[in-house]
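Enquirer: pasted the sequence and its predicted model underneath.
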Amino acid sequence: MQTQKILIVEDEAVTRSTLESLFEAEGYQVFCAENGDEMHQLLTNEPINLVIMDINLPGKNGLMLARELRDKNNIGLIFLTGRDNDVDRILGLEIGADDYLVKPFNPRELTIRARNILARSGEPAKTDNQESVSEYRFNLWTLDCDSRSLISPSQESIRLPKSEFRALKLLLDNPGKILTRDQLIKEMTGRELKENDRTVDVTIRRLRKHFEDVPETPEIISTIHGEGYRFSGQLD
């Protein structure tokens with residue numbers, strides 16, 4: 001099996017060196033960048049599987065670099081930050097980060113989160129009794145699983161971040177069934193739901209915005225208060 005490649009984008013030398021040693025000890029091939037220019041150069045030259053990036057970088061910060069990253073590809077992305085800031089957290093998730101960790105962090109927790117994202121970087125595997133579905137049609141919309149694109153009734157194609165794609169696919173695989181936040185976040189990120197974690201709610205809000213742009217679309221994702229969310233649309 002080919003060694004997976006991780007790119008650390010961190011301007012603080014001690015933290016960068018610590019992360020490099022941590023992931024090399026886990027068996028990954030690790031590359032390091034101090035800023036956005038170095039990040040882009042490495043991404044051009046190497047098939048990176050996961051980017052772990054500090055938000056507070058000199059020049060272009062991590063949020064700006066993440067937007068540039070998401071414009072070109074859907075590599076796994078974990079944000080690191082020295083501030084437990086809800087605004088940064090929500091912006092990061094809005095951009096499409098797969099996970100978010102506040103410094104100082106537990107090294108073991110970071111490696112587990114990274115491993116879960118890497119393990120889920122491909123398309124969801126089919127179960128023993130279920131064929132892989134490449135396309136879902138519902139309420140005049142289409143979810144193309146091969147390209148991770150949501151296609152509107154007017155045929156506008158929207159490339160979904162991994163978290164949105166996985167949440168919507170899980171809802172479509174379970175029409176009418178209430179899915180808890182725990183189930184959704186495990187499908188989206190491979191980790192357990194933490195106290196006061198709004199990742200699922202932010203992701204559902206982003207998904208709903210796509211549908212709300214088409215006024216004639218009925219409610220597709222329902223909130224079941226105190227329980228979770230449910231696909232309420234009509235599968236074709």
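Expert: Okay, I see it.
Enquirer: only C-alpha atoms from now on, for both contacts and neighbour counts.
Expert: Fine.
Enquirer: dump the residue contacts of the residue sitting nearest the centre point of the chain.
Expert: Centroid check for the chain by CA atoms, centre = their mean gives Asp98 as the closest residue, at 3.0 Å. Residues in contact with Asp98 (CA atoms under 8 Å, 6 or more residues apart in numbering) are 76-78, 117, 162-163, 188-189.
Enquirer: at 10 Å instead, please
Expert: 50, 74-79, 92, 113-114, 117, 161-164, 188-190, 199 (CA atoms under 10 Å, 6 or more residues apart in numbering).
Enquirer: which of the residues you listed fall in helices?
Expert: Residues of those located in helices (DSSP state H): 92, 113-114, 117, 162-164, 188-189, 199.
Enquirer: show me where this protein has its strands.
Expert: For the chain, the strands defined by DSSP state E cover 5-9, 29-33, 50-54, 76-81, 99-102, 135-138, 141-144, 149-151, 157-159, 179-180, 221-224, 228-231.
Enquirer: elements contacting the longest one?
Expert: Using 3 or more CA pairs under 10 Å, 6 or more residues apart in numbering; DSSP states H and E, the elements in contact with strand 76-81 are strand 5-9, strand 50-54, helix 62-72, helix 86-95, strand 99-102, helix 107-119.
Enquirer: for the shortest one, which strands pair with it and how are they oriented?
Expert: Looking at strand 99-102 with DSSP bridges, its partner strands are strand 76-81 (parallel).
Enquirer: could you give the angle of the partner strand to strand 50-54?
Expert: Going by axes from the mean of the first three to the mean of the last three CA atoms, to 10 degrees, strand 76-81 is angled at 20 degrees with respect to strand 50-54.
Enquirer: quick check: angle from strand 76-81 to helix 86-95?
Expert: Using the same axes, to 10 degrees: strand 76-81 against helix 86-95 is 170 degrees.
Enquirer: got the angle between strand 76-81 and helix 62-72?
Expert: Using the same axes, to 10 degrees: strand 76-81 against helix 62-72 is 170 degrees.
Enquirer: just the CA atoms of strand 76-81, as CSV, please.
Expert: Presented in CSV, the C-alpha positions along strand 76-81 are these (Å, rounded to 0.1, in the frame of the first residue of the first chain):
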residue,chain,number,x,y,z
GLY,A,76,-8.6,16.4,3.5
LEU,A,77,-8.2,19.5,5.6
ILE,A,78,-7.7,19.9,9.4
PHE,A,79,-7.4,23.4,10.9
LEU,A,80,-5.3,24.2,13.9
THR,A,81,-5.6,27.4,15.8
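Enquirer: show me what counts as buried in it.
Expert: 76-81 (16 or more other CA atoms under 10 Å).
Enquirer: tell me the one of these nearest Ser134?
Expert: Ser134 has its nearest neighbour among the buried residues of strand 76-81 in Gly76, at 21.4 Å by CA to CA.
Enquirer: which pLDDT value goes with the closest residue in space to the closest one that isn't next to it in sequence?
Expert: The shortest distance from Gly76 to any non-neighbouring residue, by CA to CA, 6 or more residues apart in numbering, is to Leu50 (4.5 Å). For Leu50, the model assigns a pLDDT of 93.
Enquirer: what about the residue nearest to Leu110 when sequence neighbours are not counted, neighbour count?
Expert: Excluding the flanking residues, the one nearest Leu110 by CA to CA, 6+ apart is Leu101, at 7.7 Å. The number of residues packed near Leu101 is 20, by other CA atoms under 10 Å.
Enquirer: tell me the contacts of the closest residue to Leu91 other than its chain neighbours?
Expert: In space, and not counting its chain neighbours, Leu91 is closest to Leu63: 7.6 Å by CA to CA, 6+ apart. Residues in contact with Leu63 (CA under 10 Å, 6+ apart) are 53-57, 69, 79, 88, 91-93, 95, 97.
Enquirer: alright, that wraps it up for me.
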